[in-house]
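Colleague: Let me see the structure of the following:
(2 chains)
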Amino acid sequence: MSPRRLWRGVALGAVAALAALACVEDVTSPPSCPDYCPGGQIVTVESLLAGAIVRDSSFTGYRQAPEAFVMLAANQPGLESRPIFQTLPIATRLKIDTGSDTTTGPIVVDSARLTLIWLRRDTTTRTLRLELYRLPLGLDSTSTFAGLAPSFGAPLRVVNLDSLLALPTLHDSVTGDSILSRDSLRRVIVVSVKFDSAQAPFTPADSGKVAFGVRVTADSNATLVLGSVEAGEGPRIVWYNRVDSAGTLVSRAAQTRGLLFDSFVSNVAPVTLDSNLTIGGIPSTRTLLRFALPRNMRDSAQIIRATLLLVQAGPPPVLTGDTVFLQLSRLAGDVGAKSPLALDTIGARSPLFLPSGNDTVRVEVTTLLRYWQLDTTAAPAAFVRLIALDRSDTTRIDGLEGTTLTTLRFFSSRTPAFQPTLRVTYVPRIKFGAP
Amino acid sequence: MRTARAAALVLIALAATGPVLGQDSPLSIHGLGIPGRFESVRARATGGAFAAFDQLSALTEASTAGLTRITATAVGAHTVLNDDFGGVTGSRRTSRFPLFQVLGTLGHGVVMGGGFTTYLDRSYRVTIADTITLGGSGQAVTDRLSSDGGVTDVRFVLARRWGRLALGGGYHLLTGSARVAAVRIFTDTSTYRGVTESEEIAYHGAGYSASALLSLPHVSISGFWRTDTRLTSEVGGATVAVNDLPQTVGGAIRWQPAPDVTFAGSVLRRSWAVAADSNAYNTTSWSAGADVRLGGVPLRFGARGGDLPFGPGGHAPSELAVAVGSGLTLSQGRGVIDFALERLRRRSAGLTETGWTALVGLTLRP
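Modeller: Okay, here's the model as predicted:
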């Protein structure tokens, strides 16, 4: 190869190498502030916005006891709540022959089993006893604690749930009661209570319909949460029966029935709404908060943290031992008490807490505020609901409204010294472009 | 023919990577940035001393007079820079295409053309780790502040030669943009959200220039003048800054004592102090270099020095560079590939920046 051709080859190779490197860029400099740091740096501002919550109100009646996803039993000083439910009728006559003969005979009930789903077992409860009472038929949403009180005389059955749980086989061979299953993850326990032929509350005239009342007692913290029909976890009754065929009892398959009605009644009077903000209880009460961010913050700042501070206005009107949290759900549209909730996951919730005296509850609302910055057509308002802790798995803290009697009261914007406040940490718009 | 094809392929490869502006430096953070250089590769190899006489450079218009064929030229540069902030060091490398222009004749000795060069570079990226107090407690944060882009000088030139004297004038459209971004990341991401903000800053401005070139036996003398109006910076269509731009005056001399030996020197004065309220300085730059033919192969070398207009510390940053280069003529002069290697050192308050720049220029005369 001649020197000239070699020289050309080297030259072309160098050009090609430079072209290949052309898109490579690594321009990060070590910082040396302030001399070699750019102007227009990020400035973080913390601001306490006392007037950011406006036109806040409380509304009640969202979920009544008959609509609740649980039935609450409690027996504490000044607070008693009793689940009530009525079963569906059964066939009081069955075919004698299993063939084509349609002749029927009256059933004879040998025994019955009532299956209850026990939720949110509280481990602080000691010697929890479940008392089952027979109530008059005709339970409905107008049934009251006082009206049913006379029926809570002598119980049909008393089951010591803690003793039953302590049995190695989870089965009491004397009474026939059993623990059918226990889900330690959800803290769900399925209890089966047996009624023998003498205890089975079967009345042919009522077509097997029977109304039960539940009362709990315990050495400490007498509370019990039972599943309801609304959550698909309502009690079920199984009637074990035979057919009377001219004096001969013929075995027939047991009849299983669900509920016609379920609810719970308590001696707690509904909380009266006042100038403060009330949240929780049954019927459930919500608080509507409307957020009014300053325009410069809403339009041009980047919110990096926002905390809603709610100050309790004295001791809670109703207090149980439930672990609760506050949940803020944004509104699809702000039309006051009947505002529909947005069907998305953009919201906020407080940490879990056991309500007590005059605590301040903090809720991180960064996601909500950033959403309202993005969607300026959305109503900047949210319902605050009180949720009792439930668990659907090991990671999620979950729960539903109207599953606790606990009611909290917070100061509203009508009390300027303790009004709801937003603590916002934000970065104002950076002024790029100025040298 | 094969060489012309190869040259065309190289030009396509250079063009395919896109026109990226300028070079990067922590000094780009201050004021309006770092001024670009208007030299072709062969002028850059002499420290810029020959730029006022070089048809391929964009420093003056008069130098293009006498062109007889359409000429297109492009420059590619790869830079490796090392920063020393009083013992804290960092290195960067960038690849840029700082110059492109096309010139042609209109007849009657009139040359017309245009192209673009880097006028100001506004590229930097800084990462800062810090702890700020939020909610009464310290929070660790990492900030990334960056700017990528600059101002491009799009020029249109006319020039004509009258005997020994050549005169030229130019109109300069200053345009371009920089993508600026600020990012803050909190170490505690569960409590604090990150911050990201970015904007596109658009730049507008204009300028006029004129130059004269007197060619005497063995000696050529060039004088040039340029004024730029104001640089308007806009974000989202709103003007966020208006900065005055400098006037430039300069002169250069070229001496050719023998057919294969040529020397040149130049001096340049720019009134950058008008551009900002503080940390902006008028600058004076000089350069000196030689072009020697050894067996038909050119050997170019030179040095340049002077001030940079923006920097901290109460005085202008200084710059000193030495360069060497050569060139290769292809296809009977239809293609020219020039090379240069430059060693650069800049000094400012608390900063010493050194680096190497490899340059390749491709010129086509179809």
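
Colleague: Is B:A316 in contact with B:T283, as I believe?
Modeller: Yes - applying C-beta atoms under 8 Å, one finds B:A316 in contact with B:T283, separated by 6.3 Å. Backbone N, C-alpha and C define where each C-beta goes, glycine included.

Colleague: B:Q139 belongs to a strand, doesn't it?
Modeller: Yes - residue assignment for B:Q139, taken from DSSP: H, G, I helix; E, B strand; the rest coil, places it within a strand.

Colleague: okay, now it: neighbour count?
Modeller: B:Q139: 19 surrounding residues under other C-beta atoms under 10 Å in any protein chain shown.

Colleague: One more: A:T256?
Modeller: Going by other C-beta under 10 Å, the residues that sit close to A:T256 add up to 13.

Colleague: which SS class is it?
Modeller: Assigned with three-state DSSP, A:T256 falls in the strand class.

Colleague: Quick check, it in contact with A:N241.
Modeller: No - here A:T256 does not reach A:N241: they are 11.3 Å apart, not a contact under C-beta under 8 Å.

Colleague: returning to that earlier point: quick check: neighbours shared by B:A316 and B:T283?
Modeller: With contacts taken as C-beta atoms under 8 Å, 6 or more residues apart in numbering or on different chains, B:A316 and B:T283 have B:307-309 as neighbours in common.

Colleague: Out of those residues, which is nearest to chain A?
Modeller: In terms of C-beta to the nearest C-beta, no member of the shared contacts of B:A316 and B:T283 lies closer to chain A than B:P309, at 11.2 Å.

Colleague: quick one: the closest one from A:S173, how far?
Modeller: When C-beta to C-beta, to the nearest Å is the yardstick, B:P309 and A:S173 sit 98 Å from each other.

Colleague: Those two - which one has more neighbours?
Modeller: Legend: neighbour count by other C-beta under 10 Å for B:P309 and A:S173, higher for B:P309 (26 against 9).

Colleague: and the closest residue to the more buried one other than its chain neighbours, what does it touch?
Modeller: The shortest distance from B:P309 to any residue other than its chain neighbours is 3.3 Å, reached at B:W272 (C-beta to C-beta, 6 or more residues apart in numbering or on different chains). B:W272 makes contacts with B:31, B:35, B:246, B:280-283, B:309-310, as judged by C-beta under 8 Å, 6+ apart.

Colleague: Helix or strand, whichever it is, which one in the chain has the lowest mean pLDDT?
Modeller: Answering for chain A, as no chain was given. Within chain A, confidence by mean pLDDT, DSSP states H and E is lowest for strand A:28-29 among all helices and strands, at a mean of 50.

Colleague: Next secondary structure after that strand?
Modeller: Sequence-wise, the next helix or strand downstream of strand A:28-29 (DSSP states H and E) is strand A:45-49.

Colleague: Identify all contacting residues around that next one.
Modeller: Counting by C-beta under 8 Å, 6+ apart, strand A:45-49 makes contact with A:293-294, A:297, A:301, A:421-428, B:134-135, all of which sit outside it.

Colleague: okay, how far is it across stretch B:187-206, tip to tip?
Modeller: Counting by C-alpha to C-alpha, to the nearest Å, the length from the leading to the trailing residue of stretch B:187-206 is 46 Å.

Colleague: how about stretch A:36-45: buried residues?
Modeller: A:36-38, A:40-42, A:44 (16 or more other C-beta atoms under 10 Å in any protein chain shown).

Colleague: same deal with stretch B:216-236?
Modeller: Applying a neighbour-count criterion of 16+ other C-beta under 10 Å, one finds B:220-224, B:226-228, B:230-235 buried in stretch B:216-236.

Colleague: What residues does the stretch 201-350 of chain A have near chain B?
Modeller: A:302-305 (C-beta under 8 Å from any C-beta of the partner chain).

Colleague: cutoff 6 Å now
Modeller: By the criterion of C-beta under 6 Å from any C-beta of the partner chain, the positions of the stretch 201-350 of chain A lying close to chain B are A:302, A:304-305.

Colleague: Of those, which is the most crowded?
Modeller: A:I304 (25 neighbours).

Colleague: Relative to the helix or strand harbouring that one, what are the paired strands and their orientations?
Modeller: In this structure, A:I304 sits in strand A:302-311 according to DSSP H and E. Strand pairing for strand A:302-311, using DSSP bridges, gives strand A:360-364 (antiparallel), strand A:421-427 (antiparallel).

Colleague: What is the three-state secondary structure of the residue in the stretch 151-300 of chain B that chain A sits nearest to?
Modeller: For the stretch 151-300 of chain B, the residue closest to chain A is B:V240, as judged by C-beta to the nearest C-beta, at 3.6 Å. When classified by three-state DSSP, B:V240 comes out as strand.

Colleague: cool, B:R42 as well?
Modeller: Under the three-state scheme (three-state DSSP), B:R42 adopts helix.

Colleague: check which helix or strand covers the residue nearest to it when sequence neighbours are not counted.
Modeller: Of all residues not flanking B:R42 in the chain, B:D338 sits nearest, at 4.5 Å (C-beta to C-beta, 6+ apart). B:D338 belongs to strand B:335-348 when assigned by DSSP H and E.

Colleague: strands paired with that strand, and their directions?
Modeller: Under the rule (DSSP bridges), strand B:335-348 has strand B:318-330 (antiparallel), strand B:351-364 (antiparallel) as partners.

Colleague: what's the burial count for B:A275?
Modeller: A count of neighbours around B:A275, defined by other C-beta under 10 Å, yields 23.
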